[in-house]
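# missing the sequence, but the structure's below:
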C-alpha cells in the first residue's frame, strides 16, 4: 500500500527552534563580542567603550554603557534656551528701577545660575549610566546632585529581561525601559529611557546564557 | 525727596546683602559640585579629555566673580 503522508519524515527535515543551540534570531554572541567599539546617539548607546569603573576586575570587559536617549534631554535644553533670553525681557520691564551696576549684577547672577543648571544636567546625563560587563550589570543612579546609588546584579543571577516602550515618541525614536529581574532577594535593575531596548535585552540575555555556564 | 533717597539707599543695601548671601551659596555649591564631580569620575572613568574638569573650574571662577562683584561693586 503506498504511503501518502508520513509525519515522521516531515518532522525529520525540520529543526525545532533552539534545537541546534542557536537562538531564533541568529544572534551570534562570539562575532558580536569580537566586533569593534561603537558609539551611537551622543554616547547614549556605547558598545565596547573604553570606559572603566570603580571595582572592575582584571578580566572583566565592559560590553555596554547605556545612558538616557538624547531626545529625553530635550526638555532641559529647551528650558535653558528659553531662560537664556528671559533676563532681557525682565530688564526691559525693570530698567527704570535698577542702576547700571545692578543691571550687570542681575545678568551675571542669571547666567551663573543658568550655567550651574546646565552643568548639573550634563553631569546627570553623563554619569547616570547602566553598565553591562562580561560578569555583571551595574546601574548607577543619580537622583539629584548629591545622591548616588549603585546597584549591581551578577549575570548568572539574572532570570528575566523585559523591555517596555510606551508612547508615540518612544516608539518613533526607539527608546524605553529595560527591566532586569534577578533571582532570589537580589535587587532588580531598571534602565530607564535607554536607546534600542530590544537590542540591550538581547545582549544581556545572550551574555547571561553564555557566562552563567562558565 | 530725602525719604525717597533713604528708601533707595535701603533698597540698595538689601539688594547688596541678598546678592552677597546668594553668591556665597553659589560659591559653596560650585565647590561641592566640583568635589562631587571628582567622586563621580572615580566611580566611572569616562574619556571626556578633561572637559568636565574645565567646566567645573569655569563654574568655580564664575562663583568667585559673582561673589567679588556683589561684595565690591554692588
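That came through, no problem. Model, not experiment: these values are computed from the prediction.
# can the top helix by length along chain A be found next to chain B?
Longest helix in chain A, counting residues (DSSP state H): helix A:100-127. Yes. Using CB under 8 Å from any CB of the partner chain, helix A:100-127 reaches chain B at A:101-102, A:104-105, A:108-109, A:112-113, A:115-116, A:119-120, A:122-123, A:126-127. All C-beta spots, glycine's among them, are computed from the backbone N, C-alpha and C.
# Buried residues, stretch B:54-69. List them.
B:55, B:56, B:59, B:62, B:63, B:66, B:67, B:69 (16 or more other CB atoms under 10 Å in any protein chain shown).
# residue of chain B with the smallest distance to chain A?
residue B:45 (4.2 Å; CB to the nearest CB).
# And for the closest residue to that residue other than its chain neighbours, the neighbour number?
Leaving aside its chain neighbours, residue B:45 sits nearest to residue A:52 (4.2 Å; criterion: CB to CB, 6 or more residues apart in numbering or on different chains). For residue A:52, the count of nearby residues is 14 (other CB atoms under 10 Å in any protein chain shown).
# can you check residue A:142 too?
Neighbours of residue A:142 under the rule other CB under 10 Å: 19.
# Quick check: the residue nearest to residue A:188 when sequence neighbours are not counted vs residue A:195, distance?
Distances taken as CB to CB, 6+ apart place residue A:181 nearest to residue A:188, at 5.2 Å, with adjacent residues excluded. Using CB to CB, to the nearest Å, one gets 21 Å for the distance from residue A:181 to residue A:195.
# ok, these two, which is more surrounded?
Between residue A:181 and residue A:195, counted using other CB under 10 Å, residue A:195 has the larger neighbour count: 22 against 15.
# wait, the more buried one sits on residue A:178?
No. Counting by CB atoms under 8 Å, residue A:195 sits too far from residue A:178 to count as a contact (10.4 Å).
# which residues does whichever residue of chain A sits closest to chain B contact?
Closest residue of chain A to chain B, CB to the nearest CB: residue A:52 (4.2 Å). The neighbourhood of residue A:52, defined by CB atoms under 8 Å, 6 or more residues apart in numbering or on different chains, consists of A:62, B:44, B:45.
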